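Peer 1: Based on what follows, work out the 3D shape:
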Amino acid sequence: MAVKKNSTFRLLSLFLLITTLCAESFVPLRRFLFVNKKSSWTKAQHYCRKYYTDLATIRNQDETGALLNLIKNGGWIGLYRKTPKSDWSWSGGEAADVTQWEVENNDTGRNCVFNFNEKGKLWRAKNCMTAQPFFCHDEEMFLVKEKRSWEEALEHCRSTAATVIRGPPYVRPRRSRLYDLASLASGWDRHRAQDLIQEALTDQIWSGLRFLGDRWLWVSGQRKKSRQLPLCPAWWQRCGSLHRNNSIHWEARSCREKRNFLCSRRAQ
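Peer 2: Residues are numbered from 1 along each chain as shown. Okay, the predicted model is just below:
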């Protein structure tokens, strides 16, 4: 009996270890990029959101290490506060769980953070208008903690890292889109989304699911089959959302509702 209990315990321990390893494999490190272009913090944020995902946001010590590998003379990261009395938060709205201050500065004129590698791996608060190089990050899928309608969310995702491709003078310039509202067609996408939406500020989160014609479709063009969604929804409830506490439950909602939303990189 004791042998059987020990065997069961070992199998359970192995199962938990494998489960943990598999879960961690679904959370890849962000790709960090150093931009050697001196800008104010706000202009740096605009640049990163236009060409990548956002100003560098650091979630854990592993990502701190990845960013430090790029540091030469330092640069802006995505940490800031709205006023001297506000809490520090990241450009995308996340709370600052990881911090590495040189000295936490309460100076009223220093509300943005500069990352440098002098005498250690430290952060320093600076005036947001100071021109500095900066760090951006890029990732496959991300949560936007802003309240937008479905159409507004779609436009936000599509404008992230978008570039204008110009051809001959007689051809109208076209926009190359790198991101879209998230199409959660694969198991990997749904698993990643489940992790991300736990941080949402709204109960319902927009994805790239829309009823068009006579079927539910992802913005990527793939068809979505689900018993949870009506076969013929009311005309004002033709956008698909998922619940923060249940990422496998889909609901047909009014496209005008203001929700947080998921963006993901388009397949190339």
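Peer 1: Helices of the stretch 101-250 of the chain, start to end?
Peer 2: Secondary structure of the stretch 101-250 of the chain (DSSP state H, counting those that start in this stretch): helices at 150-159, 187-196.
Peer 1: Counting by contacts, list what the first one packs against.
Peer 2: When contacts are defined as 3 or more Cβ pairs under 8 Å, 6 or more residues apart in numbering; DSSP states H and E, helix 150-159 packs onto strand 141-148, strand 179-181, strand 204-212, strand 259-265. Bear in mind the C-beta positions are built from the backbone N, C-alpha and C, glycine included.
Peer 1: Same question for the last one.
Peer 2: Counting contacts by 3+ Cβ pairs under 8 Å, 6+ apart, the secondary-structure elements packed against helix 187-196 are strand 141-148, strand 246-253, strand 259-265.
Peer 1: circling back to that earlier point, and the helices and strands packed on helix 150-159: which comes nearest residue 122?
Peer 2: Of all the helices and strands packed on helix 150-159, it is strand 141-148 that lies closest to residue 122, at 26.6 Å by Cβ to Cβ.
Peer 1: what are the pairing partners of that closest one, and which direction each?
Peer 2: strand 259-265 (antiparallel) (DSSP bridges).
Peer 1: how far away is residue 85 from residue 192?
Peer 2: 35 Å (Cβ to Cβ, to the nearest Å).
Peer 1: So those two - more neighbours on which side?
Peer 2: Using other Cβ atoms under 10 Å as the criterion, residue 85 and residue 192 rank with residue 192 on top: 23 against 8.
Peer 1: Burial check on the closest residue to residue 262 other than its chain neighbours, number of neighbours?
Peer 2: Using Cβ to Cβ, 6 or more residues apart in numbering and skipping the chain neighbours, the partner closest in space to residue 262 is residue 182 (3.8 Å). Neighbourhood size, residue 182 [other Cβ under 10 Å]: 31.
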